[in-house]
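# please work out how this folds:
(4 chains)
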Number of protein chains: 2
Amino acid sequence: MKIKKTAGSPEPNARERLLETAIDLFAEKGYAGTSVREIVEQAGVSKPVLYYYFKSKEGLFLAILDIAENLQKDLLAGVLNSTGNVLDRLLILYRRVYAGIGENRNLYKMIHGLRSGPPQGAPGYDFTRYHRHMINAIHKIYEAGVDGGEVKKTAADEVAYLVLSLIDFCLHMDQVQPQLSDPQRPERLLRLAFQGIKKGMEN
Amino acid sequence: MKIKKTAGSPEPNARERLLETAIDLFAEKGYAGTSVREIVEQAGVSKPVLYYYFKSKEGLFLAILDIAENLQKDLLAGVLNSTGNVLDRLLILYRRVYAGIGENRNLYKMIHGLRSGPPQGAPGYDFTRYHRHMINAIHKIYEAGVDGGEVKKTAADEVAYLVLSLIDFCLHMDQVQPQLSDPQRPERLLRLAFQGIKKGMEN
DNA sequence: AGAAAATTACCTACCGGTAGGTATAGTATG
DNA sequence: CATACTATACCTACCGGTAGGTAATTTTCT
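So this is what the prediction gives:
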(Lines give C-alpha, C1' and ligand atoms only; values in the text may rest on other atoms or scores of the structure.)
Protein backbone atom coordinates (compact mmCIF):
# COMPACT_ATOMS: atom_id res chain seq x y z
CA MET A 1 0.00 0.00 0.00
CA LYS A 2 1.59 3.18 -1.20
CA ILE A 3 1.72 6.07 1.21
CA LYS A 4 1.96 8.57 -1.56
CA LYS A 5 2.76 8.29 -5.20
CA THR A 6 6.19 6.89 -6.07
CA ALA A 7 7.73 6.82 -2.62
CA GLY A 8 10.54 9.19 -3.63
CA SER A 9 8.51 12.19 -4.77
CA PRO A 10 10.71 14.77 -3.03
CA GLU A 11 9.11 17.82 -4.61
CA PRO A 12 6.07 19.32 -2.97
CA ASN A 13 2.83 18.47 -4.67
CA ALA A 14 1.03 20.82 -6.96
CA ARG A 15 -1.24 22.24 -4.28
CA GLU A 16 1.68 23.15 -2.05
CA ARG A 17 3.62 24.70 -4.90
CA LEU A 18 0.63 26.78 -5.92
CA LEU A 19 0.25 28.14 -2.40
CA GLU A 20 3.90 29.06 -2.09
CA THR A 21 4.07 30.64 -5.51
CA ALA A 22 0.88 32.60 -5.00
CA ILE A 23 2.13 33.96 -1.67
CA ASP A 24 5.32 35.14 -3.32
CA LEU A 25 3.55 36.80 -6.20
CA PHE A 26 0.73 38.36 -4.20
CA ALA A 27 3.34 39.75 -1.81
CA GLU A 28 5.39 41.17 -4.62
CA LYS A 29 2.72 42.54 -6.93
CA GLY A 30 -0.56 42.50 -5.08
CA TYR A 31 -3.72 40.56 -5.79
CA ALA A 32 -4.94 42.40 -8.85
CA GLY A 33 -1.38 42.77 -10.07
CA THR A 34 -0.89 39.01 -10.21
CA SER A 35 -2.52 36.88 -12.90
CA VAL A 36 -3.41 33.23 -12.45
CA ARG A 37 -1.34 32.58 -15.54
CA GLU A 38 1.74 33.85 -13.78
CA ILE A 39 1.01 31.76 -10.73
CA VAL A 40 0.51 28.48 -12.52
CA GLU A 41 3.43 29.09 -14.83
CA GLN A 42 5.82 29.78 -11.99
CA ALA A 43 4.42 26.87 -10.01
CA GLY A 44 4.95 24.62 -12.99
CA VAL A 45 1.39 23.41 -13.26
CA SER A 46 -1.43 24.00 -15.69
CA LYS A 47 -4.25 26.39 -15.06
CA PRO A 48 -7.04 23.92 -14.33
CA VAL A 49 -4.93 22.47 -11.53
CA LEU A 50 -5.38 25.74 -9.70
CA TYR A 51 -9.09 25.59 -10.27
CA TYR A 52 -9.08 22.01 -9.20
CA TYR A 53 -7.56 22.56 -5.75
CA PHE A 54 -8.95 26.00 -5.03
CA LYS A 55 -11.96 26.78 -7.06
CA SER A 56 -10.95 30.23 -8.14
CA LYS A 57 -8.30 32.87 -7.76
CA GLU A 58 -10.26 34.06 -4.76
CA GLY A 59 -10.34 30.58 -3.29
CA LEU A 60 -6.58 30.35 -3.48
CA PHE A 61 -6.32 33.75 -1.87
CA LEU A 62 -8.60 32.80 1.00
CA ALA A 63 -6.75 29.52 1.54
CA ILE A 64 -3.58 31.51 2.05
CA LEU A 65 -5.24 33.83 4.55
CA ASP A 66 -6.50 30.83 6.45
CA ILE A 67 -2.96 29.55 6.80
CA ALA A 68 -1.80 32.95 7.99
CA GLU A 69 -4.40 33.31 10.67
CA ASN A 70 -3.60 29.89 12.09
CA LEU A 71 0.08 30.76 12.18
CA GLN A 72 -0.65 33.92 14.12
CA LYS A 73 -2.98 32.10 16.50
CA ASP A 74 -0.39 29.47 17.34
CA LEU A 75 2.34 32.03 17.73
CA LEU A 76 0.41 34.22 20.15
CA ALA A 77 -0.72 31.21 22.15
CA GLY A 78 2.93 30.32 22.61
CA VAL A 79 3.83 33.83 23.69
CA LEU A 80 1.09 33.95 26.29
CA ASN A 81 2.61 30.85 27.90
CA SER A 82 5.76 32.82 28.68
CA THR A 83 6.63 34.11 32.13
CA GLY A 84 8.60 37.08 33.43
CA ASN A 85 8.02 40.80 33.83
CA VAL A 86 6.04 42.89 31.39
CA LEU A 87 8.95 44.28 29.44
CA ASP A 88 10.53 40.85 29.07
CA ARG A 89 7.31 39.29 27.90
CA LEU A 90 6.67 42.09 25.44
CA LEU A 91 10.15 41.57 24.09
CA ILE A 92 9.43 37.87 23.78
CA LEU A 93 6.28 38.76 21.90
CA TYR A 94 8.20 40.96 19.54
CA ARG A 95 11.01 38.47 19.02
CA ARG A 96 8.65 35.62 18.27
CA VAL A 97 6.68 37.73 15.85
CA TYR A 98 9.85 38.91 14.24
CA ALA A 99 11.15 35.36 13.95
CA GLY A 100 7.82 34.19 12.59
CA ILE A 101 7.91 36.87 9.96
CA GLY A 102 11.46 35.91 9.07
CA GLU A 103 10.29 32.39 8.39
CA ASN A 104 7.33 33.50 6.32
CA ARG A 105 8.52 36.77 4.92
CA ASN A 106 6.35 36.91 1.87
CA LEU A 107 3.26 35.72 3.65
CA TYR A 108 3.62 38.57 6.09
CA LYS A 109 4.38 40.97 3.30
CA MET A 110 1.22 39.97 1.49
CA ILE A 111 -0.95 40.36 4.60
CA HIS A 112 0.71 43.61 5.50
CA GLY A 113 0.04 45.05 2.07
CA LEU A 114 -3.60 44.10 2.08
CA ARG A 115 -4.11 45.08 5.68
CA SER A 116 -3.08 48.64 5.08
CA GLY A 117 -3.98 49.06 1.45
CA PRO A 118 -6.89 48.89 -0.93
CA PRO A 119 -8.47 45.50 -1.60
CA GLN A 120 -7.11 45.51 -5.15
CA GLY A 121 -10.07 43.54 -6.31
CA ALA A 122 -9.42 40.88 -3.71
CA PRO A 123 -12.44 39.30 -2.05
CA GLY A 124 -13.73 40.89 1.10
CA TYR A 125 -11.83 39.85 4.18
CA ASP A 126 -11.57 41.41 7.59
CA PHE A 127 -7.88 42.08 8.01
CA THR A 128 -8.41 43.85 11.30
CA ARG A 129 -8.48 40.44 13.00
CA TYR A 130 -4.69 40.31 13.01
CA HIS A 131 -4.60 43.65 14.72
CA ARG A 132 -7.17 42.61 17.30
CA HIS A 133 -5.31 39.43 18.16
CA MET A 134 -2.15 41.43 18.77
CA ILE A 135 -3.90 44.01 20.93
CA ASN A 136 -5.50 41.25 22.97
CA ALA A 137 -2.17 39.55 23.58
CA ILE A 138 -0.46 42.78 24.64
CA HIS A 139 -3.39 43.61 26.84
CA LYS A 140 -3.14 40.28 28.66
CA ILE A 141 0.58 40.67 29.21
CA TYR A 142 0.12 44.18 30.52
CA GLU A 143 -2.70 43.21 32.85
CA ALA A 144 -0.49 40.54 34.38
CA GLY A 145 2.03 43.33 35.04
CA VAL A 146 -0.65 45.50 36.62
CA ASP A 147 -1.67 42.65 38.91
CA GLY A 148 1.96 42.21 39.90
CA GLY A 149 2.29 45.92 40.66
CA GLU A 150 4.94 46.29 38.05
CA VAL A 151 3.37 48.89 35.81
CA LYS A 152 0.90 51.73 36.08
CA LYS A 153 -2.63 50.59 36.43
CA THR A 154 -4.05 53.37 34.35
CA ALA A 155 -4.54 53.30 30.66
CA ALA A 156 -3.96 49.63 29.89
CA ASP A 157 -5.66 50.20 26.55
CA GLU A 158 -3.45 53.12 25.74
CA VAL A 159 -0.36 51.16 26.60
CA ALA A 160 -1.44 48.33 24.34
CA TYR A 161 -1.76 50.81 21.50
CA LEU A 162 1.56 52.42 22.30
CA VAL A 163 3.35 49.08 22.38
CA LEU A 164 1.69 47.75 19.28
CA SER A 165 2.32 51.01 17.45
CA LEU A 166 6.05 50.81 17.86
CA ILE A 167 6.24 47.10 17.16
CA ASP A 168 4.09 47.59 14.09
CA PHE A 169 6.16 50.51 12.97
CA CYS A 170 9.42 48.61 13.25
CA LEU A 171 8.00 45.65 11.36
CA HIS A 172 6.71 48.05 8.77
CA MET A 173 10.16 49.62 8.46
CA ASP A 174 11.69 46.19 8.17
CA GLN A 175 9.29 45.49 5.36
CA VAL A 176 9.38 48.73 3.48
CA GLN A 177 12.84 50.16 4.22
CA PRO A 178 14.96 47.18 5.18
CA GLN A 179 18.11 49.24 4.72
CA LEU A 180 17.03 51.45 7.64
CA SER A 181 15.69 48.57 9.64
CA ASP A 182 17.25 47.38 12.86
CA PRO A 183 16.02 44.31 14.74
CA GLN A 184 17.21 45.86 17.99
CA ARG A 185 15.18 49.04 17.58
CA PRO A 186 11.91 47.76 19.05
CA GLU A 187 13.74 46.71 22.16
CA ARG A 188 15.23 50.18 22.54
CA LEU A 189 11.94 51.90 21.78
CA LEU A 190 10.13 49.73 24.31
CA ARG A 191 12.65 50.61 27.00
CA LEU A 192 12.41 54.25 26.01
CA ALA A 193 8.65 54.16 26.30
CA PHE A 194 8.93 52.45 29.67
CA GLN A 195 11.24 55.07 31.05
CA GLY A 196 9.81 58.15 29.43
CA ILE A 197 11.35 60.78 27.26
CA LYS A 198 11.16 63.71 29.60
CA LYS A 199 14.25 64.93 31.38
CA GLY A 200 14.51 63.73 34.95
CA MET A 201 13.08 60.35 34.07
CA GLU A 202 16.44 58.65 33.76
CA ASN A 203 15.58 56.20 36.50
CA MET B 1 -26.20 75.00 -31.66
CA LYS B 2 -25.07 72.48 -29.10
CA ILE B 3 -25.33 73.69 -25.58
CA LYS B 4 -22.08 72.31 -24.38
CA LYS B 5 -20.27 74.30 -21.77
CA THR B 6 -21.08 77.97 -21.64
CA ALA B 7 -18.32 80.53 -21.40
CA GLY B 8 -18.50 80.57 -17.61
CA SER B 9 -17.54 76.94 -17.21
CA PRO B 10 -17.69 76.94 -13.43
CA GLU B 11 -17.22 73.19 -13.13
CA PRO B 12 -13.68 71.95 -12.82
CA ASN B 13 -12.13 71.23 -16.16
CA ALA B 14 -11.52 67.76 -17.46
CA ARG B 15 -7.96 67.56 -16.21
CA GLU B 16 -9.01 68.45 -12.69
CA ARG B 17 -11.88 66.01 -12.73
CA LEU B 18 -9.63 63.23 -13.93
CA LEU B 19 -7.20 63.85 -11.10
CA GLU B 20 -9.89 63.84 -8.45
CA THR B 21 -11.63 60.80 -9.82
CA ALA B 22 -8.40 58.87 -10.17
CA ILE B 23 -7.43 59.67 -6.58
CA ASP B 24 -10.76 58.38 -5.35
CA LEU B 25 -10.58 55.19 -7.34
CA PHE B 26 -6.91 54.44 -6.69
CA ALA B 27 -7.56 54.97 -3.00
CA GLU B 28 -10.55 52.67 -3.03
CA LYS B 29 -9.34 49.87 -5.25
CA GLY B 30 -5.65 50.30 -5.83
CA TYR B 31 -3.73 51.01 -8.97
CA ALA B 32 -4.06 47.68 -10.72
CA GLY B 33 -7.61 47.33 -9.45
CA THR B 34 -8.70 50.50 -11.22
CA SER B 35 -9.14 50.61 -14.98
CA VAL B 36 -8.76 53.73 -17.07
CA ARG B 37 -12.24 53.04 -18.35
CA GLU B 38 -13.65 53.44 -14.87
CA ILE B 39 -11.72 56.63 -14.34
CA VAL B 40 -12.82 58.37 -17.52
CA GLU B 41 -16.39 57.18 -17.15
CA GLN B 42 -16.71 58.48 -13.61
CA ALA B 43 -14.95 61.70 -14.56
CA GLY B 44 -17.37 62.16 -17.44
CA VAL B 45 -14.77 62.38 -20.15
CA SER B 46 -13.68 60.15 -22.97
CA LYS B 47 -10.59 58.05 -22.93
CA PRO B 48 -8.37 60.11 -25.22
CA VAL B 49 -8.85 63.07 -22.90
CA LEU B 50 -6.94 61.18 -20.26
CA TYR B 51 -4.19 60.33 -22.72
CA TYR B 52 -4.10 63.91 -23.85
CA TYR B 53 -3.49 65.45 -20.42
CA PHE B 54 -1.41 62.70 -18.91
CA LYS B 55 0.09 60.47 -21.49
CA SER B 56 -0.75 57.20 -19.84
CA LYS B 57 -2.26 55.66 -16.76
CA GLU B 58 1.17 55.87 -15.21
CA GLY B 59 1.46 59.54 -16.10
CA LEU B 60 -1.80 60.27 -14.32
CA PHE B 61 -0.58 58.30 -11.35
CA LEU B 62 2.70 60.18 -11.15
CA ALA B 63 0.93 63.53 -11.51
CA ILE B 64 -1.10 62.67 -8.42
CA LEU B 65 2.00 61.74 -6.44
CA ASP B 66 3.56 65.03 -7.43
CA ILE B 67 0.62 66.89 -5.96
CA ALA B 68 0.86 64.85 -2.79
CA GLU B 69 4.51 65.51 -2.22
CA ASN B 70 4.05 69.24 -2.62
CA LEU B 71 1.21 69.18 -0.13
CA GLN B 72 3.39 67.42 2.41
CA LYS B 73 6.29 69.76 1.80
CA ASP B 74 4.18 72.86 2.38
CA LEU B 75 2.55 71.37 5.44
CA LEU B 76 5.81 70.44 7.14
CA ALA B 77 7.33 73.82 6.31
CA GLY B 78 4.40 75.43 8.13
CA VAL B 79 4.83 73.18 11.15
CA LEU B 80 8.52 73.97 11.46
CA ASN B 81 7.61 77.63 11.75
CA SER B 82 5.76 76.92 14.98
CA THR B 83 7.13 77.79 18.40
CA GLY B 84 6.69 76.30 21.86
CA ASN B 85 8.03 73.29 23.74
CA VAL B 86 8.68 69.94 22.15
CA LEU B 87 5.45 68.26 23.14
CA ASP B 88 3.39 71.22 21.97
CA ARG B 89 5.15 71.36 18.65
CA LEU B 90 4.81 67.64 18.12
CA LEU B 91 1.14 67.98 18.84
CA ILE B 92 0.95 70.79 16.31
CA LEU B 93 2.68 68.53 13.82
CA TYR B 94 0.17 65.81 14.43
CA ARG B 95 -2.82 68.11 14.31
CA ARG B 96 -1.76 69.71 11.06
CA VAL B 97 -1.07 66.36 9.49
CA TYR B 98 -4.38 65.08 10.74
CA ALA B 99 -6.19 68.12 9.39
CA GLY B 100 -4.37 67.84 6.09
CA ILE B 101 -5.42 64.25 5.79
CA GLY B 102 -8.98 65.20 6.59
CA GLU B 103 -8.97 67.61 3.68
CA ASN B 104 -7.48 65.09 1.28
CA ARG B 105 -8.68 61.83 2.69
CA ASN B 106 -8.51 59.76 -0.42
CA LEU B 107 -5.21 61.16 -1.53
CA TYR B 108 -3.71 60.09 1.77
CA LYS B 109 -5.45 56.76 1.58
CA MET B 110 -3.98 56.12 -1.82
CA ILE B 111 -0.46 57.03 -0.73
CA HIS B 112 -0.82 55.06 2.44
CA GLY B 113 -1.87 51.96 0.56
CA LEU B 114 0.98 52.14 -1.88
CA ARG B 115 3.51 53.09 0.72
CA SER B 116 2.93 49.96 2.73
CA GLY B 117 1.78 47.58 0.06
CA PRO B 118 2.88 46.02 -3.18
CA PRO B 119 3.28 48.23 -6.24
CA GLN B 120 0.24 46.58 -7.88
CA GLY B 121 1.76 47.16 -11.25
CA ALA B 122 2.17 50.85 -10.54
CA PRO B 123 5.30 52.52 -11.87
CA GLY B 124 8.33 52.59 -9.64
CA TYR B 125 8.22 55.40 -7.11
CA ASP B 126 10.10 55.92 -3.90
CA PHE B 127 7.41 56.19 -1.27
CA THR B 128 9.92 56.32 1.53
CA ARG B 129 10.34 60.03 0.82
CA TYR B 130 7.18 60.81 2.81
CA HIS B 131 8.58 58.90 5.73
CA ARG B 132 11.93 60.66 5.51
CA HIS B 133 10.32 64.09 5.45
CA MET B 134 8.38 63.25 8.59
CA ILE B 135 11.42 61.91 10.42
CA ASN B 136 13.38 65.02 9.49
CA ALA B 137 10.68 67.31 10.81
CA ILE B 138 10.38 65.45 14.10
CA HIS B 139 14.12 65.41 14.42
CA LYS B 140 14.35 69.17 14.04
CA ILE B 141 11.65 69.75 16.61
CA TYR B 142 13.31 67.42 19.04
CA GLU B 143 16.73 68.95 18.57
CA ALA B 144 15.29 72.36 19.42
CA GLY B 145 14.05 70.77 22.64
CA VAL B 146 17.47 69.32 23.39
CA ASP B 147 19.08 72.72 22.89
CA GLY B 148 16.56 74.24 25.28
CA GLY B 149 17.32 71.57 27.87
CA GLU B 150 13.77 70.36 27.74
CA VAL B 151 14.30 66.74 26.74
CA LYS B 152 16.95 64.08 27.06
CA LYS B 153 19.87 64.65 24.81
CA THR B 154 20.40 60.99 24.09
CA ALA B 155 18.77 59.08 21.37
CA ALA B 156 17.25 61.83 19.26
CA ASP B 157 16.93 59.35 16.42
CA GLU B 158 15.16 56.83 18.59
CA VAL B 159 12.74 59.46 19.80
CA ALA B 160 11.97 60.48 16.26
CA TYR B 161 11.09 56.88 15.48
CA LEU B 162 9.05 56.50 18.63
CA VAL B 163 7.05 59.63 17.92
CA LEU B 164 6.53 58.86 14.27
CA SER B 165 5.57 55.31 15.09
CA LEU B 166 2.67 56.30 17.25
CA ILE B 167 1.52 59.08 14.96
CA ASP B 168 1.73 56.73 12.02
CA PHE B 169 -0.07 54.05 13.90
CA CYS B 170 -2.95 56.32 14.85
CA LEU B 171 -3.29 57.59 11.32
CA HIS B 172 -3.21 54.03 10.15
CA MET B 173 -5.98 53.13 12.60
CA ASP B 174 -7.94 56.11 11.45
CA GLN B 175 -7.61 54.83 7.92
CA VAL B 176 -8.17 51.14 8.43
CA GLN B 177 -10.38 50.91 11.50
CA PRO B 178 -12.12 54.26 11.77
CA GLN B 179 -14.60 52.81 14.24
CA LEU B 180 -11.75 52.29 16.72
CA SER B 181 -10.06 55.53 15.84
CA ASP B 182 -9.80 58.46 18.20
CA PRO B 183 -8.29 61.80 17.17
CA GLN B 184 -7.26 62.40 20.79
CA ARG B 185 -5.29 59.18 21.06
CA PRO B 186 -2.00 60.43 19.62
CA GLU B 187 -2.01 63.25 22.14
CA ARG B 188 -2.47 60.78 24.98
CA LEU B 189 0.13 58.41 23.60
CA LEU B 190 2.61 61.23 23.18
CA ARG B 191 2.14 62.31 26.78
CA LEU B 192 2.42 58.70 27.89
CA ALA B 193 5.66 58.30 26.00
CA PHE B 194 6.97 61.51 27.49
CA GLN B 195 6.24 60.42 31.03
CA GLY B 196 7.07 56.74 30.76
CA ILE B 197 5.05 53.68 31.52
CA LYS B 198 6.97 52.39 34.49
CA LYS B 199 5.55 52.77 37.96
CA GLY B 200 7.05 55.67 39.86
CA MET B 201 7.16 57.82 36.75
CA GLU B 202 3.96 59.62 37.49
CA ASN B 203 5.73 62.99 37.41
C1' DA C 1 -8.53 -12.50 -6.83
C1' DG C 2 -9.83 -9.86 -10.82
C1' DA C 3 -12.76 -7.13 -13.79
C1' DA C 4 -15.50 -2.93 -13.69
C1' DA C 5 -16.52 1.49 -12.01
C1' DA C 6 -15.37 5.55 -9.84
C1' DT C 7 -12.17 9.01 -8.25
C1' DT C 8 -7.90 11.68 -8.33
C1' DA C 9 -4.84 14.61 -10.57
C1' DC C 10 -3.50 16.53 -14.10
C1' DC C 11 -3.35 18.16 -19.38
C1' DT C 12 -4.30 21.11 -24.14
C1' DA C 13 -7.09 24.25 -26.20
C1' DC C 14 -10.14 27.64 -26.04
C1' DC C 15 -13.98 30.95 -24.37
C1' DG C 16 -16.11 35.72 -23.81
C1' DG C 17 -14.74 39.83 -21.89
C1' DT C 18 -11.81 43.65 -20.71
C1' DA C 19 -7.28 45.71 -20.22
C1' DG C 20 -4.33 49.89 -21.75
C1' DG C 21 -3.72 52.47 -25.66
C1' DT C 22 -4.49 54.75 -30.48
C1' DA C 23 -5.95 56.53 -35.32
C1' DT C 24 -8.77 59.69 -37.04
C1' DA C 25 -12.01 63.17 -37.35
C1' DG C 26 -13.96 66.66 -35.67
C1' DT C 27 -15.11 71.48 -32.91
C1' DA C 28 -14.14 75.67 -30.45
C1' DT C 29 -11.44 79.81 -29.91
C1' DG C 30 -7.76 83.09 -30.38
C1' DC D 1 -5.78 78.89 -39.92
C1' DA D 2 -3.41 77.07 -36.07
C1' DT D 3 -3.67 75.46 -31.55
C1' DA D 4 -6.22 73.21 -27.86
C1' DC D 5 -9.34 70.08 -26.81
C1' DT D 6 -12.83 66.21 -27.33
C1' DA D 7 -15.58 62.13 -29.53
C1' DT D 8 -16.19 57.69 -32.09
C1' DA D 9 -14.45 53.65 -33.25
C1' DC D 10 -11.10 50.51 -33.05
C1' DC D 11 -6.59 47.83 -31.99
C1' DT D 12 -3.94 43.93 -29.75
C1' DA D 13 -2.78 41.51 -25.62
C1' DC D 14 -4.13 39.49 -21.82
C1' DC D 15 -7.59 38.54 -18.18
C1' DG D 16 -10.18 34.81 -15.19
C1' DG D 17 -12.37 30.78 -16.08
C1' DT D 18 -13.92 26.36 -18.60
C1' DA D 19 -14.79 22.39 -21.91
C1' DG D 20 -13.33 18.15 -22.57
C1' DG D 21 -10.00 14.67 -22.35
C1' DT D 22 -6.50 11.22 -20.15
C1' DA D 23 -3.46 8.39 -17.37
C1' DA D 24 -3.16 6.46 -12.98
C1' DT D 25 -4.87 5.01 -8.77
C1' DT D 26 -8.54 3.39 -5.52
C1' DT D 27 -12.98 1.30 -4.55
C1' DT D 28 -16.67 -1.77 -5.49
C1' DC D 29 -18.74 -5.83 -7.16
C1' DT D 30 -18.68 -10.69 -8.35
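
# next structured bit after the longest helix seen in chain A?
Longest helix in chain A, counting residues (DSSP state H): helix A:57-80. Toward the C-terminus, helix A:57-80 is succeeded by helix A:86-103 as the next helix or strand (DSSP states H and E).

# what's in contact with the following helix or strand past that following helix?
Next in sequence after helix A:86-103, counting helices and strands by DSSP H and E, comes helix A:105-116. Contacts with helix A:105-116, where a contact means Cβ atoms under 8 Å, 6 or more residues apart in numbering or on different chains, come from A:23-24, A:26-28, A:30-31, A:64-65, A:67-68, A:71, A:100-101, A:120, A:122, A:125, A:127-128, A:130-131, A:171-172, A:175, B:112-113, B:116-118, B:172, B:175-176. (Each C-beta comes from the backbone N, C-alpha and C, glycine too.)

# let's go with 6 Å and repeat that
A:23-24, A:26-27, A:68, A:101, A:127, A:175, B:116-118 (Cβ atoms under 6 Å, 6 or more residues apart in numbering or on different chains).

# so which residues on chain A come close to DNA strand C?
Applying Cβ under 7 Å from any atom of the strand, we find that chain A lies next to DNA strand C at A:13-15, A:44-49, A:52.

# those residues, buried ones only, as a ChimeraX selection?
The ChimeraX selection below is limited to those of these classed as buried (16 or more other Cβ atoms under 10 Å in any protein chain shown):
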select /A:14,15,45,49
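
# now for the residues of chain A next to DNA strand C: which two are most distant?
A:Asn13 and A:Lys47 (16.7 Å; Cβ to Cβ).

# around chain B, which positions in chain A sit nearby?
A:29-30, A:32-33, A:113, A:116-118, A:120-121, A:128, A:151-152, A:158-159, A:162, A:165-166, A:168-169, A:177, A:188-189, A:192-199, A:201 (Cβ under 6 Å from any Cβ of the partner chain).

# just the buried members of these?
If you count burial by 16+ other Cβ under 10 Å, the buried members of those come out as A:29-30, A:32-33, A:113, A:116-118, A:120-121, A:151-152, A:158-159, A:162, A:165-166, A:168-169, A:188-189, A:192-198, A:201.

# in helices, which of the residues you listed fall?
The helices, defined by DSSP H, take in A:29, A:113, A:116, A:158-159, A:162, A:165-166, A:168-169, A:188-189, A:192-195 from those.

# rewinding a little: for the longest helix of chain A, what is the average pLDDT?
In this model, helix A:57-80 has a mean pLDDT of 94.

# thinking again about what came up before, closest one of the ones in helices among the buried ones among the residues of chain A next to chain B to A:Gly84?
Set against A:Gly84, the nearest of these by Cβ to Cβ is A:Phe194 (14.1 Å).

# confidence score at that closest one?
Note on A:Phe194: pLDDT of 78.

# now the one 4 residues further on
The score at A:Lys198 is 54. That number is its pLDDT.

# so where is chain A shaky, pLDDT-wise?
Filtered on pLDDT under 70, chain A yields the residue ranges A:1-12, A:154, A:196-203.

# residues from it in reach of DNA strand D?
Residues of chain A lying near DNA strand D (Cβ under 7 Å from any atom of the strand): A:2, A:5-6, A:34-38, A:47-48, A:51, A:55-58.

# and those residues, which of them are buried?
A:34, A:36, A:57.

# so the second one makes contact with A:Gly59?
No - applying Cβ atoms under 6 Å, one finds A:Val36 not in contact with A:Gly59, separated by 11.0 Å.

# how close does the residue nearest the centre of chain A get to A:Glu28?
Chain A has A:Tyr108 as the residue nearest its centroid, 4.6 Å off, counting by Cα atoms, centre = their mean. For A:Tyr108, the distance to A:Glu28 (Cβ to Cβ, to the nearest Å) stands at 13 Å.

# and the contacts of stretch A:26-40?
Here stretch A:26-40 has contacts from A:21-22, A:25, A:47, A:50, A:57, A:106, A:109-110, A:120-122, B:32-33, B:118, B:120-121, using Cβ under 6 Å, 6+ apart.

# what sits against the residue lying closest to A:Ile135 once chain neighbours are set aside?
Counting by Cβ to Cβ, 6 or more residues apart in numbering or on different chains, A:Ile135 lies nearest to A:Ala160, which is 5.2 Å off, once chain neighbours are set aside. Contact analysis of A:Ala160 by Cβ under 6 Å, 6+ apart lists A:135, A:138-139.

# of these, which is the most crowded?
A:Ile138 (25 neighbours; other Cβ atoms under 10 Å in any protein chain shown).

# now it, nearest residue through space, not along the chain?
A:Ala160 (4.4 Å).

# the helix or strand harbouring A:Leu18 versus helix A:105-116: what angle between them?
Element membership for A:Leu18, per DSSP H and E: helix A:14-29. Here the directions of helix A:14-29 and helix A:105-116 differ by 60 degrees (axes from the mean of the first three to the mean of the last three Cα atoms, to 10 degrees).

# any idea how far helix A:14-29 is from the chain center?
16 Å (Cα atoms, centre = their mean, to the nearest Å).

# and the closest residue to DNA strand D within chain A, how far from DNA strand C?
Distances between chain A and DNA strand D by Cβ to the nearest atom of the strand are smallest at A:Ser35, namely 3.0 Å. For A:Ser35, the distance to DNA strand C equals 10 Å [Cβ to the nearest atom of the strand, to the nearest Å].
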